[in-house]
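*Asks:* here is a sequence together with a model predicted from it:
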Amino acid sequence: MANIGFIGLGNMGGPMAANLVKAGHNVCGFDLVQENVATFIAAGGKSAASVGEATRDVDVVISMLPAGRHVSTVYEATDGVFESAPKGALLIDCSTIDVTTSRRLASVAAQKGFEMLDAPVSGGIMGAQGATLTFMTGATDEGFARAKPFLEQMGKNIIHAGGVGNGQAAKVCNNMLLGISMIGVCEAFNLADELGLDRQKLFDISSTASGQCWSLNTYCPVPGPVPTSPANNDYKAGFSVAMMLKDLKLSQDAANGVGLSTPLGANATALYEAFADEGNSDVDFSGIIKNLRKSDS
């Protein structure tokens with residue numbers, strides 16, 4: 001059993017922290033939203049009044065936060081993790097942030113006597129709840145070995161992507177591909193509708209043929225073929241448009257930073273930004289199928 005400080009108890013962090021409690025760890029959590037804290041306490045966790053209080057006397061600190069600026073504040077502010085956690089503690093940031101910030105924080109952590117790694121996730125809220133997440137981990141070999149037992153209690157696929165920052169690199173590449181593929185699947189179903197091809201027939205064919213992909217087989221954007229997809233629940237978010245747009249923008253920032261053209265990634269970003277601007281930020285990202293149909297009509 002380990003003493004763990006968990007910062008960020010939202011839709012993803014809350015279930016992840018709860019799974020660590022189920023695994024027998026002593027987990028103390030902090031979040032600015034009291035409703036999130038109350039849910040975590042109901043799951044058997046302990047709460048703290050500040051980041052500093054949550055991360056004192058711990059073996060491991062895990063963070064799951066919205067953006068790089070939040071991660072920087074949590075770790076570097078007065079009474080933040082770097083100041084409060086005991087030297088030698090393992091620091092695991094599961095947030096999806098820019099590669100530059102991730103690598104900079106890991107460098108500062110090393111100077112202060114900490115091992116810090118980036119471990120962004122894929123799998124959405126259902127994956128967080130079911131402990132089936134994929135962790136894309138950027139770390140030294142030693143850091144990965146230390147972190148893996150904890151990550152395995154929150155996820156199913158734990159992948160060492162290479163050195164620090166490579167977890168973030170893997171995440172933005174993966175989610176750029178996801179955003180592009182979802183738009184492609186949506187366009188295929190919209191075209192099928194106009195051509196008089198039954199949606200189930202298209203699914204039965206493409207899900208076993210060359211068009212198969214996760215966006216189709218697991219997360220189909222039309223009601224019916226995959227009963228568990230958000231399309232069957234009025235596109236209530238498993239992975240929101242806002243989160244997809246955040247990751248797409250990170251991918252474009254990364255591409256611009258290395259001088260690489262990603263035209264499909266850029267177009268996907270523009271399409272999701274337009275969808276969000278119409279008031280759909282909280283809709284599941286597969287709901288863009290409706291906006292694409294409107295755009296083509």
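*Replies:* Structure's in. What do you need?
*Asks:* okay, buried residues for stretch 193-205 please.
*Replies:* 202-203 (16 or more other CB atoms under 10 Å). Glycine gets a C-beta too; all of them are placed from N, C-alpha and C.
*Asks:* report the distance from that stretch to the chain centre.
*Replies:* Centre-to-centre, stretch 193-205 and its host chain are 31 Å apart (CA atoms, centre = their mean, to the nearest Å).
*Asks:* kindly report the same for stretch 43-63.
*Replies:* The answer for stretch 43-63 is 21 Å, by CA atoms, centre = their mean.
*Asks:* just the terminal-to-terminal distance for it.
*Replies:* By CA to CA, to the nearest Å, the extent of stretch 43-63 from end to end equals 18 Å.
*Asks:* and it, which residues are buried?
*Replies:* Using 16+ other CB under 10 Å as the test for burial, stretch 43-63 gives 43, 45, 47-48, 51-52, 54-56, 58-63.
*Asks:* now do stretch 251-271
*Replies:* For stretch 251-271, burial by neighbour count (16+ other CB under 10 Å) applies to 251-252, 254-255, 262, 265-266, 268-269, 271.
*Asks:* what residue ranges in the stretch 101-250 of the chain score low on pLDDT?
*Replies:* For the stretch 101-250 of the chain, no stretch has pLDDT under 70.
*Asks:* please report how far the residue nearest in space to the middle of the chain lies from T96.
*Replies:* The centroid of the chain falls nearest to V121 when counting by CA atoms, centre = their mean (4.5 Å). The span separating V121 from T96 equals 8 Å under the rule CB to CB, to the nearest Å.
*Asks:* for S102, same thing?
*Replies:* Separation of S102 from T96 (CB to CB): 10 Å.
*Asks:* can you list residues touching both of the two?
*Replies:* Taking CB atoms under 8 Å, 6 or more residues apart in numbering as the criterion, S102 and T96 both touch Q168.
*Asks:* so for D247, what's the nearest residue that isn't a sequence neighbour?
*Replies:* N175 (3.9 Å; CB to CB, 6 or more residues apart in numbering).
*Asks:* then D98?
*Replies:* Spatially, and ignoring its direct neighbours in sequence, D98 is nearest to G68 (5.2 Å; CB to CB, 6+ apart).
*Asks:* which ones are touching the one you found?
*Replies:* 95, 97-98, 101-102.
*Asks:* let's see it at 10 Å
*Replies:* By CB atoms under 10 Å, 6 or more residues apart in numbering, G68 lies in contact with 93, 95-102, 104-105, 168, 250.
*Asks:* helix, strand or coil: sort out M136 for me.
*Replies:* With DSSP: H, G, I helix; E, B strand; the rest coil as the basis, M136 sits in strand.
*Asks:* am I right that it is in contact with H160?
*Replies:* Yes - counting by CB atoms under 10 Å, M136 touches H160, with 8.9 Å between them.
*Asks:* what do the two both touch?
*Replies:* The contact sets of M136 and H160 overlap at 119, 166-167 (CB under 10 Å, 6+ apart).
*Asks:* can you show me the helices along the protein?
*Replies:* Secondary structure of the chain by DSSP state H: the helices cover 13-22, 34-42, 51-55, 68-76, 81-84, 99-111, 124-130, 141-152, 166-195, 199-206, 214-217, 241-257, 263-275, 288-296.
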